[in-house]
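K.L.:
please work out how this folds:
(one chain, ligands or ions: 1)
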Amino acid sequence: MQLSDSFGRKFYYLRLSITDVCNFKCEYCLPDGYKHTQKNCFISLDEIRRTVTAFAAVGTQKVRITGGEPALRKDLTQIIEAIAAIPQIKKIAMTTNGYNLAKKAQEWYDAGLNQINISVDSLNANSFNKITGVNRFDDVMRGIDKALEVGFDKIKINSVLIKNFNDHELGLFLNFIKERPVEMRFIELMECGDTNSFYKQHHYSGEHIKKHLEANDWQLNKNAKDAGPAQVYSHKDYQGQLGLIMPYSQDFCATCNRLRVSSLGKMHLCLFGDFGIDIRDLLQRDDQCQQLISRLHGAVATKDVSHYLHQGNTGQTPHLASIGG
Ligand code: SAM
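P.N.:
Predicted structure coming up:
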């Protein structure tokens with residue numbers, strides 16, 4: 001039976017965090033870098049396989065691998081292969097900062113990765129290095145070129161909108177997608193527990209970009225049922241597309257189709273929920289699958305109608321690397 005909640009939303013899409021470690025120090029996420037607060041007891045390859053098998057049995061068709069930085073896991077290629085071997089899973093996507101993409105893109109593609117999202121908050125090398133705290137701009141650009149060459153079904157570039165950092169770069173990004181078949185997505189900065197002062201200073205609304213697109217012949221596309229939360233626009237003169245993720249907009253949660261499992265084996269009904277539901281005890285043997293499915297149904301039935309970010313309630317999320325953005 002398909003996973004659905006008491007508001008009639010159906011869940012086709014699982015975001016699976018496989019580590020919360022990250023090697024970047026993004027100003028809005030981990031400005032002081034990753035701090036080891038617990039022993040590395042991230043879900044194992046077998047636990048991941050059991051998680052996705054249970055979700056697939058109740059309707060999940062798309063899995064996004066995320067983190068932290070998922071590419072830091074040494075068994076990432078095996079993780080992709082294990083998920084690709086589950087028949088109901090039609091798409092495997094991954095979100096990465098792209099630090100080793102040029103080296104690994106072909107291997108991940110061959111393992112079964114269909115889509116890749118690369119985070120690029122600025123197309124200006126100096127600003128990129130300033131925002132991320134690392135000098136990796138050229139590596140990431142080489143990674144994007146390689147991903148284009150490898151032939152993923154979809155390549156998306158994520159850019160968090162940050163006032164006084166990249167709010168003047170729309171022209172650069174439009175130029176970037178003119179001849180490249182990638183989906184550029186601007187994400188509004190979200191308030192998290194650890195970085196709320198940064199949010200207050202730097203939040204920049206996607207409405208500015210939306211107005212620009214609508215005034216310049218960009219057309220809003222229709223979303224697939226397993227699509228992410230972006231409103232995506234196309235233009236006849238551009239090979240690429242442009243998406244906006246505006247979590248503060250009205251009705252953002254009405255089309256929610258995704259659930260999350262953290263790298264510690266907790267299911268999260270919302271990025272900004274108050275607690276995670278532990279499922280790790282049911283990931284230890286293959287014969288626990290039915291019990292796990294019952295727990296998933298019970299949990300999803302309690303999903304709230306919306307996050308309460310508007311009221312400044314960020315739940316227990318200190319930063320997005322902790323659950324997987
Ligand atoms: N390390 C990978 C990466 O850099 O893409 C995956 C994890 S990262 C948490 C996933 C995405 O969340 C990135 O695109 C990042 O820019 C975004 N993100 C992190 N914190 C955010 C915040 N406070 N508001 C909006 N987006 C955020």
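
K.L.:
please make it C-alpha for all contacts and neighbour counts, starting now.
P.N.:
Noted.

K.L.:
and stretch 125-136, how far out from the chain's middle?
P.N.:
20 Å (Cα atoms, centre = their mean, to the nearest Å).

K.L.:
so what touches that stretch?
P.N.:
Stretch 125-136 has contacts (Cα atoms under 8 Å, 6 or more residues apart in numbering) with 24-27, 31, 99, 120-122, 137-138, 165-166.

K.L.:
where do the strands sit along the chain?
P.N.:
13-17, 62-66, 91-96, 115-119, 154-161, 183-188, 219-220, 231-234, 241-245, 258-261, 266-268, 277-278 (DSSP state E).

K.L.:
from the contact counts, what lies against the first one?
P.N.:
For strand 13-17, the elements it packs on are strand 62-66, strand 258-261, judged by 3 or more Cα pairs under 8 Å, 6 or more residues apart in numbering; DSSP states H and E.

K.L.:
if we go to 10 Å?
P.N.:
Judged by 3 or more Cα pairs under 10 Å, 6 or more residues apart in numbering; DSSP states H and E, the packing partners of strand 13-17 are helix 45-57, strand 62-66, strand 91-96, strand 258-261, strand 266-268.

K.L.:
buried ones from the contacts of stretch 125-136, can you make that a PyMOL selection?
P.N.:
With 16 or more other Cα atoms under 10 Å as the criterion, this PyMOL line picks the buried residues out of the contacts of stretch 125-136:
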select buried, resi 24+25+26+27+99+120+121+122+137+165+166
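
K.L.:
could you export the contacts of stretch 125-136 as a markdown table, including pLDDT and distance to C253?
P.N.:
Output for these, formatted as a markdown table (pLDDT from 0 to 100; distance: Cα to Cα, whole Å):
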| residue | pLDDT | distance to C253 |
| --- | --- | --- |
| F24 | 98 | 29 |
| K25 | 97 | 29 |
| C26 | 96 | 26 |
| E27 | 94 | 26 |
| P31 | 93 | 28 |
| Y99 | 98 | 32 |
| V120 | 98 | 25 |
| D121 | 97 | 24 |
| S122 | 97 | 28 |
| F137 | 98 | 33 |
| D138 | 98 | 36 |
| F165 | 93 | 28 |
| N166 | 93 | 26 |
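
K.L.:
thinking again about what came up before, dump the strands of the chain into CSV; add mean neighbour count and distance to K103 as well.
P.N.:
Formatted as CSV, the strands of the chain follow (neighbours: other Cα atoms under 10 Å; distance: least, Cα to Cα, whole Å):
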stretch, mean neighbour count, distance to K103
strand 13-17, 26, 22
strand 62-66, 26, 18
strand 91-96, 23, 13
strand 115-119, 22, 14
strand 154-161, 22, 16
strand 183-188, 24, 22
strand 219-220, 16, 35
strand 231-234, 19, 29
strand 241-245, 24, 26
strand 258-261, 24, 28
strand 266-268, 22, 31
strand 277-278, 15, 35
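
K.L.:
rebuild the ones you listed as a markdown table, extending it with distance to C41.
P.N.:
Listed next are these as a markdown table, based on distance: least, Cα to Cα, whole Å:
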| stretch | distance to C41 |
| --- | --- |
| strand 13-17 | 13 |
| strand 62-66 | 16 |
| strand 91-96 | 21 |
| strand 115-119 | 26 |
| strand 154-161 | 28 |
| strand 183-188 | 30 |
| strand 219-220 | 43 |
| strand 231-234 | 36 |
| strand 241-245 | 32 |
| strand 258-261 | 14 |
| strand 266-268 | 12 |
| strand 277-278 | 14 |
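
K.L.:
columns mean pLDDT on top of these, output as TSV?
P.N.:
Converted to TSV, the strands of the chain look like this (pLDDT from 0 to 100):
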stretch	mean pLDDT
strand 13-17	96
strand 62-66	97
strand 91-96	98
strand 115-119	98
strand 154-161	97
strand 183-188	96
strand 219-220	95
strand 231-234	95
strand 241-245	95
strand 258-261	94
strand 266-268	93
strand 277-278	94
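
K.L.:
all set now, cheers.
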